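In: got a predicted structure here, sequence first:
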Amino acid sequence: MDTLTLWQLAALAAASMLVGFSKTAVSGANTISLAVFAAVLPARESTGVLLPILIAGDLLAVLVYRRHAHWPTLLRLFPAVAAGVAAGTLFMLWADDAAVRTSIGAILLLMTAVTLRRRRAVEDAERKQEQGPQQGPEPQQGTAPETGSSARRPGRLAARGYGVLGGFTTMVANAGGPVMSLYLLSAGFRKLGFLGTSAWFFLIVNVSKVPFSVGLGLIDARSLLLDACLVLFVLPGAYIGRKCVDRIDQKLFERIVVAATVLGGLQLLLF
C-alpha cells in the first residue's frame with residue numbers, strides 16, 4: 001500500500017464511491033468495488049482496507065432506509081451467518097490470495113445460478129396460477145414488506161444455506177453482498193424492503209467482523225490511514241444512489257443486481 005500509483009488511488013476512490021452508491025441504490029453493484037480493491041491490492045489486504053469503507057456506507061444506508069427493514073428475516077439469518085463468519089475466519093488463517101479469489105468467484109456464480117433457477121420456477125408457478133385454477137395446495141406466501149403479494153419466502157433450509165454462505169463470503173472477502181442480494185431477491189423483496197433489510201444486516205455483520213479482521217492482521221494502522229482518504233468518496237456515491245433509486249424500474253433493478261454479481265464472480269475467478 002506504500003507504493004500505490006496515482007491511477008491506482010483513483011481506481012480505489014472510484015470504487016469507494018461505488019460502495020456508497022451500492023448501499024443506497026443497487027446492492028449487487030458492490031461486487032465491482034470488491035473486484036477493484038482485489039485487483040489493486042493483494043486480496044487479503046484488500047479485505048481489511050475495504051471493511052471500514054463498507055461500514056461507512058452501511059451507516060449512510062441505515063440512516064436513509066432504517067424504517068424499511070424486515071427484522072424477522074434478519075433474525076432468521078443471523079445464527080447461520082455467525083457460523084459462516086466462524087468458518088471464514090478459519091479459512092483466512094491458511095488461505096492465500098489465489099485461494100481467496102477462486103473460492104469467492106466460484107461461490108458467487110453458483111449462487112447466481114441457483115437463484116435464477118428458483119426464480120424461474122416461481123414465475124412459472126405464478127403464470128400457471130394466472131392461466132387457470134391451481135391444482136393441489138397453494139404455495140406458502142411470504143409476508144415480508146415491500147415484496148409484492150405473490151412473493152414466496154425461501155424455506156428454512158435455504159435461508160440457512162444463504163446465511164452460512166453469506167457469513168463465509170463476507171468474512172473472507174467482504175463478498176456477502178451478492179449472496180444477501182440473491183437471497184432477498186429470491187424472497188421477493190422489492191426495492192425499499194430490499195435496501196432497508198440489507199442496510200441493517202450489513203451494518204451489524206460488518207461491525208461484528210472488525211475484531212476478527214484485526215486479529216487476522218487485516219486491519220492495521222496503514223490500512224486505516226488509506227481508509228481515512230477513501231472514506232470521503234463514500235458520501236457522494238450514497239447521495240447519487242439515493243437520487244437514482246426511485247427512478248430504477250423493479251425488473252431492471254433485479255437484472256442489474258444479478259448482472260453485477262455475475263461480473264464480480266467472473267472477475268474474481270478468471271483474472
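Out: All right, it came through fine. Source: prediction; values computed, not measured. Numbers count the residues shown, from 1 in each chain.
In: hey, let's count contacts and neighbours off CA atoms from now on
Out: Fine.
In: packing partners for the lengthiest helix in the chain?
Out: Across the chain, the longest stretch assigned as helix under DSSP state H is helix 97-131. Here helix 97-131 touches helix 43-65, helix 156-173, helix 176-186, helix 250-270, going by 3 or more CA pairs under 8 Å, 6 or more residues apart in numbering; DSSP states H and E.
In: looking at those, which is buried most?
Out: Highest mean neighbour count of the helices and strands packed on helix 97-131: helix 176-186, a mean of 25 (counted as mean count of other CA atoms under 10 Å).
In: got the angle for it vs helix 250-270?
Out: 140 degrees (axes from the mean of the first three to the mean of the last three CA atoms, to 10 degrees).
In: helix 176-186 packs against which elements?
Out: Using 3+ CA pairs under 8 Å, 6+ apart: helix 176-186 touches helix 30-40, helix 97-131, helix 156-173, helix 191-215, helix 250-270.
In: tell me which other helices or strands the fourth one touches.
Out: Meaning helix 191-215. Using 3+ CA pairs under 8 Å, 6+ apart: helix 191-215 touches helix 6-24, helix 43-65, helix 71-94, helix 176-186.
In: ok and it relative to helix 43-65, angle-wise?
Out: Using the same axes, to 10 degrees: helix 191-215 against helix 43-65 is 140 degrees.
In: so how far is helix 191-215 off the chain centroid?
Out: Offset of helix 191-215 from its chain centre (CA atoms, centre = their mean, to the nearest Å): 9 Å.
In: with the longest one instead?
Out: Between the mean C-alpha location of helix 97-131 and the chain-wide mean there is a distance of 14 Å, by CA atoms, centre = their mean.
In: what angle do that helix and helix 156-173 make?
Out: Going by the same axes, to 10 degrees, helix 97-131 makes 150 degrees with helix 156-173.
In: which residues touch Leu59?
Out: Counting by CA atoms under 8 Å, 6 or more residues apart in numbering, Leu59 makes contact with 199, 203.
In: could you redo the last one with a cut-off of 7 Å?
Out: Contact analysis of Leu59 by CA atoms under 7 Å, 6 or more residues apart in numbering lists Leu203.
In: any idea how far it is from Leu110?
Out: 30 Å (CA to CA, to the nearest Å).
In: ditto for Thr24
Out: 26 Å.
In: so between these two, which is more surrounded?
Out: Between Thr24 and Leu110, counted using other CA atoms under 10 Å, the more crowded position is Thr24 (31 against 13).
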